Every structure is written in structure tokens, then in C-alpha cells.
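S.K.: Here is a sequence together with a model predicted from it:
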Amino acid sequence: MVEIQNANPTVLDVSQLPSRSRKSATVRSGPDSKCDSILYPKRPWLSSTSSSSDEEDEYEEEPVDEQDIYDLIATISDPEHPTTLGQLSVVRLPDIHLAPPPTERLGPNSLVTVAVELTPTVNHCSLATVIGLAVRCRLEQTLPPNYRVDVTMKDGSHAQDDQVNKQLGDKERVAAALENDTLRKMLDDMLKTCSM
């Protein structure tokens, strides 16, 4: 078992987390759900030859925005606490950036960079790299191939943020970490709380 470094972190209630679904009066599901385009990239109802162009426009995919990215990663479990990264404010909506922004994308296959800055609960968190790796894995497994993921610690939020950022940005180190069975099991446990 991992020794808890911050036994009493500030924990937000789920109702306090940013969510598009609570702002909307309707439940988002089926073709209206933006996450469907992320999780289920092939849309069989669009391939029908009998559909009109009006129907296609109605189901046209909206570009992924910061809220969509937040919804994907906020539910990742913290490795030390029985809460999620969103509840601990390790993941925050203002710290997610997309380049180019959704309004400036040239097409559905244009290259998009997702930059996520994490804020650990304590500045000496020994699991910061593992948390960053879990966020990176979740996004790389879920987003389409034209999305590039960059996960870093927010400046000044970790005592060794430069070293953690170097590890998270090095593809060889990430690949080697994912081959470690113990680490892989920890990541799988962290991602169990994410909805598919």
C-alpha cells in the first residue's frame, strides 16, 4: 500500500465539478453526445445511403472542446485516496488547453494538441508521475489519432516539476513505464472509475 502524503486533501463534491450535462436541461446521449464521436468514431447512421443531407447536418460531429477533455480525465481515481482527480482538483477545467481552439479547426482530421496541466495535492507528491501517466494513457486511448497529448505539472505546483515533466514528455520513458506490470496494474486500477 502506498503511504498517504496528504491525509486530508480538500475534496470537492461531485456536484461542484464543472459539467456540461448539469448546465443543459436535457440528458446528452446518442447522436447528440459529443463524447460519442470520441468513444465511437464510426457513426453507422451517417453511412446510410438513404439519409438526406439535412439529417447528416443534424448529426454532424461537434469539435472536441476543453469540457470534453475534462469529462474524460476528471473521473480517474487518485492512487492514494478513494476519490477522483476532479474531486481533488488535481485536474481543473481552466488548466486544459487545445491548440488550435475548436472554433479555428480546419477539418475533422486536423492536428490538435491537448495540453493538460496537473496540480498535485501536495508539492512533494511521489505519485505525480503516475497520475500524469494515467491522464496521458486515458487521453491517448480515447481520443482520435490526430490528437497529440501533452501532460505536465503546473509551474510551481510540484517540488520537482521539471523532472516529472521530462519523464511525462519522453515517449521512451512512457513506453518503458507501461511495460512494468506493477505500474500497469496501478494504472488499470486508476482508470476503472472512468466510463467507457
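M.R.: Ah, there it is.

S.K.: how about the strands in this protein?
M.R.: Ranges of strands in the chain, per DSSP state E, are 96-99, 112-118, 147-153.

S.K.: ok, and what's touching the first one?
M.R.: When you say that, I think you mean strand 96-99. Val64, Asp65, Glu66, Ile69, Tyr70, Val112, Thr113, Val114, Ala115, Val116, Glu117 (Cβ atoms under 8 Å, 6 or more residues apart in numbering). For the C-beta atoms, the positions are set from N, CA and C on the backbone; glycine is no exception.

S.K.: Quick one: neighbours of the third one, just the number.
M.R.: Spelled out, it's Glu66. 18 (other Cβ atoms under 10 Å).

S.K.: Also the fifth one?
M.R.: Here the neighbour count serves as a burial measure; for Tyr70 (other Cβ under 10 Å) it reads 22.

S.K.: please renumber so the chain begins at 49
M.R.: Renumbered: residue one is now 49, and that last one reads Tyr118.

S.K.: Next, count neighbours for the residue nearest to it when sequence neighbours are not counted.
M.R.: Of all residues not flanking Tyr118 in the chain, Leu141 sits nearest, at 4.9 Å (Cβ to Cβ, 6 or more residues apart in numbering). When counting by other Cβ under 10 Å, one arrives at 15 neighbours for Leu141.

S.K.: Please apply the same query to Leu216.
M.R.: Leu216: 24 neighbours (other Cβ under 10 Å).

S.K.: Now it: closest residue in space, sequence neighbours ignored.
M.R.: Gly180 is the one closest to Leu216 (Cβ to Cβ, 6+ apart), at 4.5 Å.

S.K.: do the same with Arg221
M.R.: Gln215 (5.2 Å).

S.K.: how about the one you found, what does it touch?
M.R.: Applying Cβ under 8 Å, 6+ apart, the residues contacting Gln215 are Thr177, Gly180, Arg221, Val222.
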